[in-house]
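K.L.:
quick one: sequence and predicted model below, then my questions.
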Amino acid sequence: MKILISNASEQPIYEQIVDQIKALILRNELPEGESLPSIRKLAQELQISVITTKRAYEELEREGFIETVRGKGSFIAPQNRELLKEKKLKIIEEKLIEVVEESRLLDLTFEEILEMLKILYDEGHF
Amino acid sequence: MNNILEVSNLSKEYKDFKLKNINFSLEKGYIMGFIGPNGAGKSTTIKLMMNLVNKDAGEIKVFGLDYLQDEKKIKSRIGFVYDESHYYEELTVEKNKKIIAPFYRHWDENTFQEYLNRFDIDPKKKVKQLSKGTKMKFSLAVALSHKADLIIMDEPTSGLDPIFRREILDILYSIIQDETKSIFFSTHITTDLDKVADYITFIDNGSIVFSKSKDEILDNYGLVKGGLDLLNDKTKDFFLGLRKNAFGFEGLAGNIHEVRKAFNNNIIIEKPTLEDIMVYTVRGR
């Protein structure tokens, strides 16, 4: 499990943790049932406060990504990968709509957009 | 009862200094940093908590017990570490321990030996031969060996180098792995707290400026930079502290979301450090 925290980032630290754990779940690097370190252990490892890790776990729990069992710790919750994927697809769709709208402003044809997309996709920038 | 420490309406008046109506509390399992400039009242507050001086008014509860009525009970569960060594300088670490240990009902010799080992303290050395940092670690070893649930430290990191201070922070992290333990420490070196503290209580001139979770503070405070043309009587009110120079201003704002709305994209907002917050607030507008 890899988590990297930037103190220079505008994004609050708890959000950085939430986003990175979500990404790990989506890529199935954290499979269902996998246990997470305790909030205190995570705080120690990342050298941040316990409140921050607690807040991150609470957020993940609220969104249904993890489950916390008293006295046992926190685990990756089942089922969410599909849901998360759907959410991500929705985001991609929204961004593509934006691309189409912007392209219409420039009178770009569908083929031209496709060509641009193909180049970007093949280059594997992202 | 989750509050391990509760201070309410605490007051104390000296001839030239007044501690006014101090309020804060600390939950079990967390670290609270107590910050403020020199002479703000940090040590006075801690001395009151330890009943080393008498209060004029107010209430102090530790582990839910009154600090005067149950003083003995409370003190056996507090580990007190302060910036000056209070051990017998001419005696060895081992001899000092032999004197101290019997005072504690829950002294655990094995734990003590473990910490001596871990902190690299030679028990045969006289206390006066130890470096400032090692003396500090010895104090911590004693505090941790009588199963203290609350560690109170007065300026534990002052006078220590950054490497040593980081080491102390690591020790603090390992203490609160046990969620029944809490740490309260005063400091004017706020970079130590930027990392480890869960709560920050800020005292200035005998009054509490705020006592909040560090996340809440960093979510709401911001260091704002912008052109002088943006400052007028109305916008000035956003800032708790302001510094102008020939090319623009830099100010500390306590409600960054409102500031962002008011100035749109004409300003730069940076995350403040606790030091920024302390300096700007004390210096004022």
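P.N.:
Here it is on my side, so go on. In this text the structure is predicted, and so the values were computed from the model without any measurement.

K.L.:
could you use CA atoms for every contact and neighbour count after this?
P.N.:
Noted.

K.L.:
what does stretch B:264-273 contact?
P.N.:
A:10, B:191, B:194, B:218, B:221-227 (CA atoms under 8 Å, 6 or more residues apart in numbering or on different chains).

K.L.:
hmm, 6 Å instead?
P.N.:
B:222-226 (CA atoms under 6 Å, 6 or more residues apart in numbering or on different chains).

K.L.:
next SSE downstream of the longest helix along chain A?
P.N.:
Counting residues, the longest helix in chain A under DSSP state H turns out to be helix A:80-105. Per DSSP states H and E, the first helix or strand lying C-terminal to helix A:80-105 is helix A:110-123.

K.L.:
can you give the distance of that next one from its chain's centre?
P.N.:
26 Å (CA atoms, centre = their mean, to the nearest Å).

K.L.:
nearest to chain A among the contacts of stretch B:264-273?
P.N.:
Distance ranking of the contacts of stretch B:264-273 against chain A, using CA to the nearest CA, places B:Gly222 first at 10.8 Å.

K.L.:
quick check, pLDDT for the closest one.
P.N.:
On pLDDT, B:Gly222 comes in at 92.

K.L.:
distance of B:Asn2 relative to B:Thr180?
P.N.:
To B:Thr180, B:Asn2 is 9 Å away according to CA to CA, to the nearest Å.

K.L.:
how about B:Asp154?
P.N.:
21 Å.

K.L.:
show me which of the two is the more surrounded one.
P.N.:
B:Asp154 (20 against 15; other CA atoms under 10 Å in any protein chain shown).

K.L.:
skip the chain neighbours and tell me the closest residue to that one.
P.N.:
Nearest residue to B:Asp154, sequence neighbours excluded (CA to CA, 6 or more residues apart in numbering or on different chains): B:Tyr82, at 4.5 Å.

K.L.:
enumerate the residues of chain A near chain B.
P.N.:
Counting by CA under 6 Å from any CA of the partner chain, chain A comes close to chain B at A:40, A:44, A:48-49, A:51.

K.L.:
tell me where the model's unsure across the chain.
P.N.:
I'll assume chain A. A:79-81, A:124-126 (pLDDT under 70).

K.L.:
please refer instead to chain B.
P.N.:
Checking chain B against pLDDT under 70 turns up B:1, B:83, B:285.

K.L.:
show me which residues of it are close to chain A?
P.N.:
Residues of chain B lying near chain A (CA under 6 Å from any CA): B:173, B:177, B:195-198.

K.L.:
show the contacting residues for the residue nearest to B:Asp154.
P.N.:
Applying CA under 6 Å, 6+ apart, we find B:Tyr82 in contact with B:153-154, B:156.

K.L.:
can you lay out those residues as CSV showing secondary structure and distance to B:Lys214?
P.N.:
Formatted as CSV, the contacts of B:Tyr82 follow (DSSP: H, G, I helix; E, B strand; the rest coil; distance: CA to CA, whole Å):
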residue, secondary structure, distance to B:Lys214
B:Met153, strand, 19
B:Asp154, strand, 20
B:Pro156, coil, 20
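
K.L.:
tell me the angle the longest helix of chain A makes with helix A:110-123.
P.N.:
Going by axes from the mean of the first three to the mean of the last three CA atoms, to 10 degrees, helix A:80-105 is angled at 130 degrees with respect to helix A:110-123.

K.L.:
chain B: helices as residue ranges?
P.N.:
With DSSP H, the ranges of helices along chain B come out as B:42-49, B:71-75, B:93-100, B:109-118, B:132-145, B:162-175, B:191-196, B:214-220, B:256-263, B:274-283.

K.L.:
out of the contacts of stretch B:264-273, which sit inside strands?
P.N.:
Among those, the members found in strands (DSSP state E) are B:222-226.

K.L.:
quick one: which of those residues has the most company?
P.N.:
Most surrounded of these: other CA under 10 Å gives B:Gly222, at 26 neighbours.

K.L.:
that one against B:Ala253, yeah?
P.N.:
Yes: the pair B:Gly222 / B:Ala253 is scored as a contact, 5.4 Å apart, by CA atoms under 6 Å.

K.L.:
can you say which of the residues of chain A next to chain B are buried?
P.N.:
Among the residues of chain A next to chain B, those classed as buried by 16 or more other CA atoms under 10 Å in any protein chain shown are A:40, A:44, A:48-49, A:51.
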